[in-house]
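S.K.: Structure for this input, please:
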Amino acid sequence: MSTLQYRFCPQCAAPLVPKHLGDADRMACEAAGCGFVQWGNPVPVVAALVEYQGKILLARNVAWPPQFYALITGFLEKNETPLEGAIRELKEETNLDAVQSSLIGVYPFARKNEVIMAYHIQAEGEVTLSEELVDYKLVEPARLRPWRMGTGLAMADWMQARGLPFEWLEF
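M.R.: Below is the predicted model of the structure:
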């Protein structure tokens with residue numbers, strides 16, 4: 001189910017009604033000539049596991065608890081490739097420049113109805129955080145603690161590919 005559940009049609013303002021379509025229950029408009037269906041497609045998100053000065057940069061969003069740091073993430077914008085989006089987010093959020101990049105993988109994040117395309121990006125420059133971020137830390141790759149969802153799965157895959165053992169971070 002999409003994170004935004006419409007009650008009224010965004011095209012004609014008629015009330016939406018539950019309908020069984022495509023093997024699932026969905027909200028749909030029955031107004032003549034409209035045909036809007038809220039499909040609930042996942043939102044595309046890009047993530048960057050940033051390697052900077054030989055360490056991994058983890059950042060803390062202003063809305064997060066003080067102990068929580070994660071990868072650089074953001075929404076994919078119209079007309080950009082996932083890699084372009086990850087590089088743009090890196091620049092916007094840290095002011096760092098991408099030097100080299102590779103796809104880690106694609107991961108579901110059902111809790112937020114997102115699909116995450118994660119990249120390993122080697123970066124250089126001087127860190128300047130955007131207003132979205134309040135702090136960052138640099139972590140030795142062998143000391144990373146991935147979590148069992150979203151971007152944590154990308155971190156675990158990146159570590160496994162390098163033969164780095166890890167323990168899951170439990171919430």
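S.K.: List the buried residues of the lengthiest strand in the chain.
M.R.: In the chain, with assignment by DSSP state E, the single longest strand is strand 97-109. Residues of strand 97-109 classed as buried by neighbour count (16 or more other C-beta atoms under 10 Å): 98, 101, 104, 107, 109. For glycine as for every other residue, the C-beta is placed from the backbone atoms N, C-alpha and C.
S.K.: Stretch 29-41 too?
M.R.: 29, 36, 38.
S.K.: Disregarding residues adjacent in the polypeptide, which is nearest to the second one?
M.R.: Setting aside the residues directly before and after it, residue 36 is nearest to residue 29 in space (C-beta to C-beta, 6 or more residues apart in numbering), at 4.1 Å.
S.K.: So for the one you found, what's the pLDDT?
M.R.: For residue 29, the model assigns a pLDDT of 95.
S.K.: Number of residues surrounding the residue nearest to residue 95 when sequence neighbours are not counted?
M.R.: In space, and not counting its chain neighbours, residue 95 is closest to residue 128: 3.9 Å by C-beta to C-beta, 6+ apart. A count of nearby residues for residue 128, using other C-beta atoms under 10 Å, gives 10.
S.K.: And for the one 5 residues further on?
M.R.: Residue 133 has 18 neighbouring residues, counting by other C-beta under 10 Å.
S.K.: so how far is residue 92 from the closest residue to it other than its chain neighbours?
M.R.: Once flanking residues are discounted, residue 133 sits nearest to residue 59: 4.8 Å by C-beta to C-beta, 6+ apart. As judged by C-beta to C-beta, to the nearest Å, residue 59 and residue 92 stand 12 Å apart.
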